[in-house]
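Trainee: Make a model of this:
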Amino acid sequence: MAIPQLTLHTGNTIPAIGFGCAAWGSDPEAGEEEFASKFNAAYVNGYRLYDCAEEYGPVEQDVGRLAETRRSSVYLLTKSRSYQPGDTVETVLPRLRASVRRLCPGMDNPCVDLFLIHEPVIGPEGRRIMWQALVELQKLGETKDIGVSNFGLKHLLTLPAPKPVVNQVELHPWCQHREMVDYCKANGIVMQCYAPNARNKKATDPVLQAVAAETGKTPTQVLLRWSVQHDYIPLPKSDNPVRIAENIDLFDFELSADQMARLDALGKDGDQPVCRSYDDFCD
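Mentor: Numbers count the residues shown, from 1 in each chain. This is a model prediction of the structure:
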């Protein structure tokens with residue numbers, strides 16, 4: 001089935017679910033054939049958005065190679081935090097352009113769909129320089145949209161114009177970033193969710209188990225559906241062909257208002273991230 005699309009504030013569209021590519025291609029014993037098998041399993045099951053990053057090592061190049069013959073039907077997203085003290089827009093921009101070329105090999109006019117600042121750890125000046133470099137990349141026509149990842153509210157509030165189209169963060173019922181999410185929704189910034197199933201660390205939660213039993217779906221499917229119904233874009237990742245298929249099988253059921261409320265209430269005691277929280281140590 002065709003995956004629903006969300007519309008970004010620029011007017012461009014983006015698939016309502018994506019595939020997280022972190023750690024893909026990192027096994028030196030796997031080889032190109034196994035990597036291709038994973039990519040093809042995701043593609044055949046309907047995934048069209050592939051979430052890459054400069055810091056994922058060979059993943060950009062591997063995804064680009066496999067997506068090359070079906071570029072028109074694939075949404076390519078990448079991220080970078082390549083700023084170093086002393087960098088300028090002019091020194092950062094070539095590194096961003098190199099990422100685009102890794103994801104778009106053989107293209108006369110390479111262009112990715114979305115390019116993000118990976119993390120706010122580069123500090124206020126680094127974020128400003130990186131953002132200005134992304135703006136220039138967009139002007140060159142080498143990315144359609146630009147956004148951020150792991151930004152807290154304090155980082156978003158100090159980001160120069162234009163506003164990002166997405167903020168990619170850890171997001172699930174136990175880590176809801178309510179104040180930051182409210183700000184993003186009010187400003188037309190779409191949330192993307194990594195670790196959308198809390199890395200399976202909450203699979204035995206009684207509320208989650210009850211909703212899974214009521215819907216006849218797995219706990220992970222329930223959590224991914226929770227994201228979809230909040231208009232967040234979940235980015236599940238898996239090497240398991242069965243899980244790859246299950247994680248996108250979300251559009252034949254709907255959580256009731258009561259089920260959504262019970263899941264929302266799991267975050268009533270504040271955020272409980274299973275990954276590191278950038279708000280805690282980034283100025």
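
Trainee: tell me the mean pLDDT over stretch 8-22?
Mentor: Confidence over stretch 8-22, taken as the mean pLDDT, stands at 96.

Trainee: so how far is that stretch off the chain centroid?
Mentor: Averaged C-alpha coordinates place stretch 8-22 at 8 Å from its chain's average position (C-alpha atoms, centre = their mean, to the nearest Å).

Trainee: Check which element follows the one helix or strand Val228 maps to along the chain.
Mentor: Take DSSP states H and E as the rule and Val228 turns out to sit in helix 219-229. Toward the C-terminal end, the helix or strand that comes next after helix 219-229 (DSSP H and E) is strand 233-234.

Trainee: Just list what the helix holding Val228 packs against, helices and strands only.
Mentor: Using 3 or more C-beta pairs under 8 Å, 6 or more residues apart in numbering; DSSP states H and E, the elements in contact with helix 219-229 are helix 206-215, strand 233-234, helix 241-246, helix 257-264. (Glycine included, C-beta is placed from N, CA and C.)

Trainee: Please repeat the previous calculation with a cut-off of 6 Å.
Mentor: Contacting helix 219-229 under the criterion 3 or more C-beta pairs under 6 Å, 6 or more residues apart in numbering; DSSP states H and E are the following elements: helix 206-215.

Trainee: For the helix it packs on, C-alpha coordinates in PDB please.
Mentor: Only the C-alpha atoms of helix 206-215 are listed here, as PDB (Å, rounded to 0.1, in the frame of the first residue of the first chain):
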ATOM      1  CA  PRO A 206       1.300  -3.200  31.600                       C
ATOM      2  CA  VAL A 207      -0.400  -0.400  29.800                       C
ATOM      3  CA  LEU A 208       1.400  -1.100  26.600                       C
ATOM      4  CA  GLN A 209       0.800  -4.800  26.900                       C
ATOM      5  CA  ALA A 210      -3.000  -4.200  27.500                       C
ATOM      6  CA  VAL A 211      -3.300  -1.900  24.400                       C
ATOM      7  CA  ALA A 212      -1.400  -4.500  22.300                       C
ATOM      8  CA  ALA A 213      -3.800  -7.200  23.500                       C
ATOM      9  CA  GLU A 214      -6.800  -5.000  22.700                       C
ATOM     10  CA  THR A 215      -5.600  -4.300  19.200                       C
END
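
Trainee: which residues in the stretch 51-200 of the chain form strands?
Mentor: Listed in chain order, the strands of the stretch 51-200 of the chain (DSSP state E, counting those that start in this stretch) span residues 75-80, 112-117, 143-149, 166-170, 190-194.

Trainee: residues in contact with Ala2?
Mentor: Residues in contact with Ala2 (C-beta atoms under 6 Å, 6 or more residues apart in numbering): none are found.
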